[in-house]
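>>> 3D model of this:
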Amino acid sequence: MADYLHLKNGTDVRGTAIAGVEGDPVTLTDEAVLAISAAFALWAEKKLGKKPTIAVGHDSRLSAEHIAGFTARGITSQGGTAVFTGLSSTPSMFMLLQDGFGADASVMITASHLPYQKNGLKFFLKEGGLESSDLDEVLSIASGLSVPEGAGTAACEQRSYLEKYASDLVAMVRRATGEERPLAGKRILVDAGGGAGGFYESLVLKPLGADTSGSQFLEPDGTFSGHIPNPENAQAMQSVCDAVKRSHADFGVIFDTDVDRAGAVSSTGEEINRNRLIALISAILLEEKKGAYIVTDSVTSDGLTQFITQHGGVHHRFKRGYKNVINESKRLNAEGKDSPLAIETSGHAALRENYFLDDGAYLVTRLLIALAKTAKEGKDLMALIADLPEPAEAREIRLNFVHGVDFKTLGGKVIEELKEAAKNVPYLSLAPNNFEGVRINFDKAHGDGWALVRMSLHEPIMPVNAESNSAGGVALILKELYSLMQKYDFLDVEKLK
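Numbering: from 1, shown residues only. Below you'll find the model as predicted:
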């Protein structure tokens, strides 16, 4: 009996789909895709009380169409109906379930920003993406299934939805601005990185009047030959920043492969990412309504907290993981606390007004509405975050555990012991209201900032994030951490030196 739980990555299935990369054997096999998609069809049937119609879409990966065929076969092998949507964004695969497309569930074939040989499956019902426990059930069913070779059919109806999804974004901007072409006179470029986001240039920006010259890597390219489609990647961000400066653009946009994340660039070529991106969308929302709770992941800066507070909001830090911040924001709303936004520094942003769907294209569209409005008032969009306090330095270091150790147990031990150690050092203090790992504040003489030590969500890695308000402060912080952590022989802390 196969065990497919090893393919679980948070709430997605992820694995290696293309052979040829040394040390990375194929794990997302045809048999695995067939069994898992068949299991999803059975699971969905139980939830819905009928044989489901399931839409199947994919990003630009080289293995996408091959996997789509086996996904359809798995669905139809259990009596379900599969509909191919072709090249799609992850958010569009959820939105079609809200929009009369005729599907009961959907599968998006993507591995986000991971290297070209990777791929995966992401599942949706009308209520939203599967939770971790839901995926456990699907994989458990798959592990007990025996789907005969040749079962089902890959000959399915083909019906795209991306055009309708894009037209809804266009209509949203026109309603908000009261203009047919509110971006006329603005040069706005898109960097899709060879992923699925190229549609935004032709189907959203051009109908709104934007000059999109200077846009790059719009064509689907499963080798990601331009750069990896990832707003968190330094090379990718530098590429789009350079393109904005080279083209004298008013604004730049970068998407990840499946368009559930985004970053942006100002007219000066300054990246709008991480804390800046959170500050910008927060400022827009807090102009509309004060007192809102902005839920972020744990690695956001103290300057962002100050900014959100000064703009009339409440900064609520929570755990890393887009599902974690979304569910926390939903929980706050259920308690009667107004929380319109859940956002990670990675660029995952989910707005309550948009089904709490993490949608990079929707986030960018919200920013462009603000750009059009501020331009009409003779203002610069970046003026909205001019008062954001920014650290002098910031760095992330990823510490590796020794191979084969029980890293989850040992990592928990490190975090608890760091909490106790910080209580006994006069120039250290624990940050209040911290929901992940240990966040330690360092006084002005010993780093003038903070460090967060946490466990990776899925890997035997302990990430350390450090920020300082003073030049040279991060080095002092890391030096202090090294003195506290060098005793752990199961953890490689040499990078802290």
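
>>> specify the next element, helix or strand, located C-terminal of the top helix by length along the chain.
With residue count as the measure and DSSP state H as the assignment, the chain has helix 30-48 as its longest helix. The first helix or strand that comes after helix 30-48 along the chain, using DSSP states H and E, is strand 53-58.

>>> please save the CA atoms from that next one in PDB.
What follows is the C-alpha trace of strand 53-58 in PDB, where atoms were taken according to Å, rounded to 0.1, in the frame of the first residue of the first chain:
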ATOM      1  CA  THR A  53     -17.700  18.400 -11.400                       C
ATOM      2  CA  ILE A  54     -14.100  19.400 -10.800                       C
ATOM      3  CA  ALA A  55     -12.300  22.200 -12.700                       C
ATOM      4  CA  VAL A  56      -8.600  21.500 -13.300                       C
ATOM      5  CA  GLY A  57      -6.100  24.300 -14.100                       C
ATOM      6  CA  HIS A  58      -2.400  24.800 -14.000                       C
END
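
>>> I'd like the distance from the helix or strand that it is followed by to the chain centre, please.
Sequence-wise, the next helix or strand beyond strand 53-58 is helix 64-77, with elements assigned using DSSP H and E. On the basis of CA atoms, centre = their mean, to the nearest Å, helix 64-77 is displaced by 25 Å from the centre of the chain it belongs to.

>>> quick one, domains of this protein?
Taking automatic domain parsing as the domain assignment, the ranges for the chain are 5-160, 164-385, 393-496.

>>> average model confidence for the shortest one?
In this model, domain 393-496 carries a mean pLDDT of 95.

>>> make 33 the starting number, not 1.
Sure thing, new numbering starts at 33, so read that last one as domain 425-528.

>>> most remote residue from the chain's center?
Relative to the mean C-alpha coordinate of the chain, counting by CA atoms, centre = their mean, the farthest residue is Pro458 (37.8 Å).

>>> element containing that residue, please.
Secondary-structure assignment from DSSP H and E places Pro458 in no helical or strand segment.

>>> any idea how far it lies from Leu484?
Taking CB to CB, to the nearest Å as the measure, Pro458 falls 21 Å from Leu484. Just so you know, the C-beta spots here come from the backbone N, C-alpha and C atoms, and that holds for glycine as well.

>>> helices or strands next to the helix-or-strand element of the chain with minimal mean pLDDT in the packing?
Comparing every helix and strand of the chain by mean pLDDT, DSSP states H and E singles out strand 40-41 as the least confident one, with a mean of 93. With contacts defined as 3 or more CB pairs under 8 Å, 6 or more residues apart in numbering; DSSP states H and E, the packing partners of strand 40-41 are helix 164-175.

>>> pLDDT of whichever helix or strand comes after the helix it packs on, averaged?
Past helix 164-175, further along toward the C-terminus, the next helix or strand under DSSP H and E is strand 189-190. pLDDT averaged over strand 189-190 equals 96, rounded to a whole number.

>>> give the partner strands of strand 189-190 in its sheet and their orientations.
In the sheet, strand 189-190 lines up against strand 113-119 (parallel) (DSSP bridges).

>>> dump the C-alpha coordinates for the partner strand into PDB.
Taking Å, rounded to 0.1, in the frame of the first residue of the first chain, the C-alpha atoms of strand 113-119 are listed here in PDB:
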ATOM      1  CA  THR A 113     -16.500  15.100 -14.200                       C
ATOM      2  CA  ALA A 114     -13.400  17.000 -15.000                       C
ATOM      3  CA  VAL A 115     -13.200  20.400 -16.900                       C
ATOM      4  CA  PHE A 116      -9.800  21.700 -18.100                       C
ATOM      5  CA  THR A 117      -9.300  25.500 -17.600                       C
ATOM      6  CA  GLY A 118      -5.800  25.500 -19.100                       C
ATOM      7  CA  LEU A 119      -3.400  28.100 -18.000                       C
END
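
>>> now that strand: buried residues?
For strand 113-119, a neighbour-count test (16 or more other CB atoms under 10 Å) marks Thr113, Ala114, Val115, Phe116, Thr117, Leu119 as buried.
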